[in-house]
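Colleague: predicted model and sequence follow; I will ask about them next.
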Amino acid sequence: DMPPGKYRFGPNRNGEWFHSDGHVGRGKGGGLASSAQGMDHMVRTLKSKTTASLVEVIRMASLTPAERAGIAADTGSLEVGKRADVLTLDRELRVRHVWIGGHEFK
């Protein structure tokens, strides 16, 4: 959800540069960069365009990426001992509240 510009895909130090028009990000050779839209937008889109349940969609947006990245022991689900980075969504799947490290972000 950043404005048009040049951004890194991956680590800040050595990630690949891509250009975003504010809606779609493209890397070298025109490949799509999936981070051009916010996760809340992707959750709403997946829920509205597929038959996946809300529980399945939320898991795909949280625990599955954490598992793939090898960080599921620390993040990706609500469990004792994991990072307290949480958000709540309203009925339209729009962000209502955000907590980072257990503290509400306003």
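Modeller: All right, it came through fine. Numbering: from 1, shown residues only.
Colleague: low-confidence ranges in the chain?
Modeller: Applying pLDDT under 70 to the chain flags the ranges 34-36.
Colleague: nearest residue to the middle of it?
Modeller: Met39 (3.6 Å; CA atoms, centre = their mean).
Colleague: count of neighbours near the nearest residue to it once chain neighbours are set aside?
Modeller: In space, and not counting its chain neighbours, Met39 is closest to Ala61: 5.7 Å by CB to CB, 6 or more residues apart in numbering. Every residue, glycine included, has its C-beta placed from N, CA and C. Here the number of neighbours of Ala61 (other CB atoms under 10 Å) works out to 16.
Colleague: likewise for the one 10 residues further on?
Modeller: As a burial measure, Ile71 scores 13 neighbours (other CB under 10 Å).
Colleague: same deal with Ile100?
Modeller: 12.
Colleague: now do the nearest residue to it once chain neighbours are set aside against Asp74, distance only.
Modeller: Spatial nearest neighbour of Ile100, excluding adjacent residues (CB to CB, 6+ apart): Asp85 at 5.4 Å. Between Asp85 and Asp74 the computed distance is 10 Å (CB to CB, to the nearest Å).
Colleague: right, I'll leave it there.
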